[in-house]
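Need a 3D model of the sequence below.
(chains A and B)
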Amino acid sequence: MHMADALLAPGVAVGMAAASAVAAGVSVWQLKKEDDPKRLPTMAVTAALVFAGQMINYTIPGTGSSGHICGGMLLSALLGPYAGFLSMIVVLAIQCFFFADGGLMALGANVWNMAFYGCFVGYFLLWRPILRGRLFSGMGAKAAGRAKIILASILGCVVSLQLGAFSVVLETSVSGITELPFGAFVALMQPIHLAIGLVEGVVTAAVLLFVYEARPELVRDVTVREGEKQKGSLRMTLVVLALAAAVIGGGLSLLASSNPDGLEWALFGNSEAGYSENMGLDEESFGIESEAAERAGSIQESSSFLPDYAFPDSDSPAGTTVSGLAGSAIVAAVALLLCLVFGFFRKRKKAKANG
Amino acid sequence: MDKMDRALRELGQMDELAAGDSPVHRLSPWVKLLVTLGYIIAVVSFDKYALSGLLPLILYPLLVSQLSGVSLILGLRKLRLVLPLVLAVGIFNPFLDRAPLLYLGSLPVSGGVVSMLTLLLKGLLSLLASFLLVATTPIDSLCAGLRKLRVPQTMVTLLLLTYRYVGVMMEELAVMSRAYHLRAPGQKGIHYKAWGSFLGQLLLRSMDRAGELYASMRLRGFHGEFYYAPSRPCGGRDLAWLLLWLGAFALLRLVDLGALLGGLLRL
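Predicted coordinates for the structure are as follows:
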């Protein structure tokens, strides 16, 4: 889900960076308020763990394929949302700097897509209400804790990955980078990330369960401290669960499946380019090799794009582009020359140093 | 597991590159950071058909690579995993945007092809710029530069500590997974029944290790922040580098040099 710089318009990137910076500022401020210097090394180690954890591929049973975790939910369950968010930023920054995974300018957007939802949405709307709620209270304290951890991890990962994937699509579409229509892109992204989210949820739950068995005090919200009122109630938890289910099940999947696929959308649904009016076609008669498609293609060529680009004249965009190509050749020549010159000087310097 | 070993080796390789010495290495880190950001913003802000305007910006990575002695081929090799992602998003452009934009002789080139190439080039250039930044700036200097740009202390310290721990953790992980695979030969990845205990074990180990590390850091006088080696005052060379490049990017962004040179050629 790491976005490269080229997938974002600068305006969008700056906007996302600003949003992430605000969230980071709040987190830094919250952390300062807690004033626990011992936190920093722990955060760094857990961040490094998530980084390393992303390197191991897990076999996904039954499919023969494998995947890796993303980690936002895991970090916020262990460190709390603010420290978790900051740690995720650091993980993403290191990936961006040293492994070219995600762009420098796109860092803000990547932080938002992968860290914000997992840490804040996942923690405040799912993890905390579920863990502090009275769900599964008939099972005994230990078993209930286990069940709540499983539920919260899986739901949290699925919801945050769905939101993240949706944001990726939204940002790319707003940037106007890809010709792939919004609906088709969403239909591509959401189901894939549903699967990834499920796997990540299971892994997160497994890790947290292990920690819960070995050192329960490390997992957040598992044991509510004495004197602290239990904030979440069963009803609250259920409301949140229902909301989450509505968002995933209803909203996103509906959006994904009710839209036609990319090519169809481009030909029939894009009223902005005026295809549907121009062609007088309906979706039923559409087929890749049908007459209708050919007609659509020819009409498309003659009606919608051409008026903007009248090529034969030298003043037209096409004319400039051709001369642009020639100019580019000159640039390439200059670049080559540059390399040769520098190479020459370096060789001479080396020769001087050697002898 | 060779994937981890490779990642470790790549980290080490970047450290080695960054420890080199050249006019670019000697520049102030925050200047390099700003120039890189400015470059990426300039590159990405081009219109999606602006292939000819974008091409001259290749000169920046080329020049920096020549000045610093960091090979661009190496950078390209590092990017091989990431570029397909950019391609995957642009690959549909030629199919969806089929109106001819220009003719090469009698061969029509559609807008989609031009916009796909532009997108690829944008991705390549911005990735190369970040690569050159990291390959010419050690992590300590990078952190000092971030401090100078008023990034909060907490973030910078966290970045530095995490970077240092990544190596430690990955060695630990490599040991664990090698042990696992020796005991489970012929198995791809880690069996799902061991997912939790494997990562959990690593986590507990690392938490303990963090505790020890923190204690020893406290004993050596750590108070929650690092003191970076005093960076030498920002000299005229740094300022010149900053202003010249930012000016050049702005100029190249506003003037389509490729088309201009082509125009000269035609006269």
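
would you say residue B:102 is within a helix?
No - assessed with DSSP: H, G, I helix; E, B strand; the rest coil, residue B:102 is strand; it does not lie in a helix.

so it makes contact with residue B:110?
No - using Cβ atoms under 8 Å, residue B:102 makes no contact with residue B:110, being 9.2 Å away. All C-beta atoms are positioned from the backbone trio N, CA, C, and that covers glycine.

Quick check: which ranges of chain A have low pLDDT?
Applying pLDDT under 70 to chain A picks out residues A:1, A:37-38, A:55-69, A:100, A:223-332, A:335, A:354-355.

quick one, strands of it?
The residue ranges that make up the strands of chain A, judged by DSSP state E, are A:58-59, A:66-67.

Give me the local confidence score for the residue nearest to residue A:343 when sequence neighbours are not counted.
Nearest non-adjacent residue to residue A:343, counting by Cβ to Cβ, 6 or more residues apart in numbering or on different chains: residue B:66, 7.9 Å away. Listed pLDDT for residue B:66 reads 88.

got the CA positions of the host helix or strand of residue B:66 in CSV?
Applying DSSP states H and E as the criterion places residue B:66 in helix B:59-68. Taking C-alpha atoms only, helix B:59-68 is exported to CSV below (Å, rounded to 0.1, in the frame of the first residue of the first chain):
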residue,chain,number,x,y,z
LEU,B,59,20.1,16.5,-15.3
TYR,B,60,19.8,16.8,-11.5
PRO,B,61,20.3,13.2,-10.5
LEU,B,62,22.9,12.8,-13.2
LEU,B,63,24.9,15.8,-12.0
VAL,B,64,24.6,14.9,-8.3
SER,B,65,25.6,11.3,-9.0
GLN,B,66,28.6,12.5,-11.0
LEU,B,67,29.7,14.9,-8.3
SER,B,68,29.2,12.5,-5.4
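
Can you give the contact residues for it?
Here helix B:59-68 makes contact (Cβ atoms under 8 Å, 6 or more residues apart in numbering or on different chains) with A:331, A:334-335, A:338-339, A:342-343, B:20, B:22-25, B:39, B:70-72, B:75, B:125, B:128-129, B:132, B:135-136, B:245, B:248-249.

and residue A:25, how far is that from chain B?
8 Å (Cβ to the nearest Cβ, to the nearest Å).

From residue A:205, how far out is the residue nearest to that residue when sequence neighbours are not counted?
Among residues not flanking residue A:25 along the chain, residue B:152 sits closest, at 7.7 Å (Cβ to Cβ, 6+ apart). Going from residue B:152 to residue A:205 by Cβ to Cβ, to the nearest Å gives 33 Å.

coming back round to it: return a ChimeraX selection command for the buried portion of the contacts of helix B:59-68.
Buried residues among the contacts of helix B:59-68 (16 or more other Cβ atoms under 10 Å in any protein chain shown), as a ChimeraX selection:
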select /A:331,335,342 /B:24,25,39,70,72,75,125,128,129,132,135,136,245,248,249
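
Can you show me the helices along the chain?
Because you didn't say which chain, this covers chain A. Remark: helices assigned in chain A by DSSP state H are A:10-34, A:39-53, A:72-79, A:81-99, A:107-111, A:128-132, A:141-175, A:182-214, A:234-245, A:253-258, A:262-264, A:275-279, A:291-300, A:317-354.

let's do chain B instead
Applying DSSP H to chain B gives helices spanning B:2-18, B:29-44, B:51-54, B:59-68, B:72-79, B:83-90, B:93-96, B:111-136, B:139-148, B:153-183, B:195-219, B:236-254, B:257-266.

who wins for proximity to residue A:32 among the ones you listed?
helix B:153-183 (7.3 Å; Cβ to Cβ).

residues near the residue nearest to residue B:98 when sequence neighbours are not counted, how many?
The spatially closest residue to residue B:98, leaving aside those adjacent along the chain, is residue B:110, at 4.9 Å (Cβ to Cβ, 6+ apart). The tally of other residues near residue B:110 (other Cβ atoms under 10 Å in any protein chain shown) stands at 19.

With residue A:178 instead?
As a burial measure, residue A:178 scores 24 neighbours (other Cβ under 10 Å).

now it: how far from residue A:103?
As judged by Cβ to Cβ, residue A:178 and residue A:103 stand 16 Å apart.

ok, now residue B:33?
14 Å.

Between these two, which has more neighbouring residues?
Taking neighbours as other Cβ under 10 Å, residue B:33 and residue A:103 compare with residue A:103 leading, 28 against 19.

Can you tell me the closest non-neighbouring residue to that one?
That would be residue A:5: by Cβ to Cβ, 6+ apart, it lies 3.1 Å from residue A:103.

I'd say the one you found and residue A:108 touch.
No - the pair residue A:5 and residue A:108 does not pass the contact test of Cβ under 8 Å, sitting 11.2 Å apart.

which one of the two has more residues nearby?
residue A:5 (27 against 24).

Now do the contacts for the more buried one.
Per Cβ under 8 Å, 6+ apart, neighbours of residue A:5: A:13, A:103, A:104, A:105, A:106, B:40, B:43, B:44, B:122, B:123, B:126, B:127.

quick check, nearest of these to residue B:256?
residue B:43 (14.2 Å).

Now for the closest one: which residues touch it?
Contacts of residue B:43 (Cβ under 8 Å, 6+ apart): A:5, B:54, B:57, B:122, B:125, B:126, B:129.

Verify the contact between the second one and residue B:121 for me.
Yes - under the contact definition of Cβ under 8 Å, residue B:54 touches residue B:121, with a separation of 5.7 Å.

And those two? Which one has more around it.
residue B:54 (25 against 19).

and the gap between that one and residue B:124?
10 Å.

repeat for residue A:352
Residue A:352 sits 35 Å away from residue B:124 when distances are taken as Cβ to Cβ.

of these two, who's got more company?
Between residue A:352 and residue B:124, counting by other Cβ under 10 Å, residue B:124 is the more crowded of the two (21 against 8).

got a list of what the more buried one touches?
With Cβ under 8 Å, 6+ apart, residue B:124 has these contacts: B:79, B:83, B:86.

Once you drop chain neighbours, what's closest to the second one?
Residue nearest to residue B:83 in three dimensions, not counting chain neighbours: residue B:123, with 6.4 Å by Cβ to Cβ, 6+ apart.

Isn't the one you found up against residue A:3?
No - using Cβ under 8 Å, residue B:123 is not in contact with residue A:3, being 10.4 Å away.
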